[in-house]
Every structure is written in structure tokens, then in C-alpha cells.
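A.B. asks: pasting the sequence and the predicted coordinates here, then a few questions.
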Amino acid sequence: MSDEHLILTPQHDPPRTQPGRADAVKNRELLLETAKRLFDAQSVEAVTMSAIAEAAGVGKGTLYRHFENKVELCQALLDEDSRAFQARTLDHLRGPDGAYQHLRWFLRETLEFVERNSQLLCVGTGGTSSLEHPAHWWWRQTIRGLLGQINPPGDLEYLADVLYVMLDVHTVYFQRQVRGYDLERIASGMAGMIERLAT
């Protein structure tokens, strides 16, 4: 699959730190690491901005110079993981596997991304789907490009939408928490869907 099938967009504007200021870069990294640690230990909702500043050993002014609010901080954490995911995807799609194997791998990796970032993906959405965020549209474009190579019968655009919707954080939450499925069952179910499409 060629790289043009991917639309890789940053999650949000670059941090408002002055270029070349090593202390500002160091503080930003410290704040992100501290926030992630606190979110993992408690929850995104339970952790306040004041608690993050205190745990990081910096003043509130330093925190707010980097992140105006918790939504912006969560988006920065998502951005880091998303960029790493994009890089892994580009590397994998350059490999020797066929389109079916690539699509199966990509769906599993995206599910794992949603699983580990489920709290962050829900921050600031106002109950709307995370799939509406432009930064996630490359998931859908990647799915559509790989389906095009598989070339199953039917409406490719609709099939791409179906698979894309299955990756929404609210859909994954429903299957994990309400239906009680583990991640392996969800990934296997999606793999079975595309296997039937490919044959």
C-alpha cells in the first residue's frame, strides 16, 4: 500500500513554547509524563490541573503556559501516541504482507490504541463520536485503501465506514464493558468479517 492512502494529521497546534528553550521543552515533557502517571493511577476525571502541577513540582503558571486546560493536555498525550502509531503503520504497510494481513494488523493495532487511550478519547468530545475528530480520519482512509486492494464485492465506501465505526471509543466501551468481550474476541470478530469479504 502506498503512503498516499494515509492522511496523517497532527492532533492539535504545536505547544506554545519558545523554540530552543530547553527548560520549556523539559517542563513540557515532565508535565506530560506526570499527567500520564496520575491518569493511569487514578482517572482523567479525578486528577485536577493543580494536582498535576504539584506532582510535577512546578507552579501552576508553568503548567498553564503549556496547557490552557485538561482537554489540551489530554490532546497532547493523544498526539504523542498517535504519531508513534502512524510511524508503526507506515513501516508495517511497507512490509511484504498482503492487503488482508495488513488490514487485520491495522484493525488490531487501532483497537489497542483505543483501549489504552479510552479515557483521553472521551475528554472534550461532549458525547460525540471520537471518529468525528479530523486526527482520526486517517484510520478510515487506511481501511478504505486496503479494502480497495482486497476489492470485495459491494459498496467499498460503506464497508469502510462499518469497520471505522467499530473502532469508535464508545463502540469499544460497549463491547468491552457492557457485552463483556475481551479485546481478543473483538479483534477476532473483525478479522472474521474481513476474511469473509476477502474470500
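C.D. replies: That came through fine.
A.B. asks: going by C-alpha atoms from here, please, whenever you check contacts or count neighbours.
C.D. replies: Will do.
A.B. asks: residue contacts, Arg108?
C.D. replies: Ala187 (C-alpha atoms under 8 Å, 6 or more residues apart in numbering).
A.B. asks: please apply the same query to the one 10 residues further on.
C.D. replies: Going by C-alpha under 8 Å, 6+ apart, Ser118 touches Val169, Tyr173.
A.B. asks: ranges for the helices of the protein?
C.D. replies: 22-41, 49-56, 60-66, 70-93, 99-116, 118-122, 137-150, 156-165, 169-173, 183-198 (DSSP state H).
A.B. asks: using TSV, please lay out the ones you listed together with mean pLDDT.
C.D. replies: Converted to TSV, those look like this (pLDDT from 0 to 100):
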stretch	mean pLDDT
helix 22-41	87
helix 49-56	90
helix 60-66	87
helix 70-93	91
helix 99-116	94
helix 118-122	85
helix 137-150	93
helix 156-165	92
helix 169-173	91
helix 183-198	86
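A.B. asks: now those helices as TSV including distance to Leu131?
C.D. replies: Putting the helices of the chain into TSV (distance: least, C-alpha to C-alpha, whole Å) gives the following:
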stretch	distance to Leu131
helix 22-41	23
helix 49-56	27
helix 60-66	26
helix 70-93	14
helix 99-116	11
helix 118-122	10
helix 137-150	7
helix 156-165	7
helix 169-173	8
helix 183-198	18
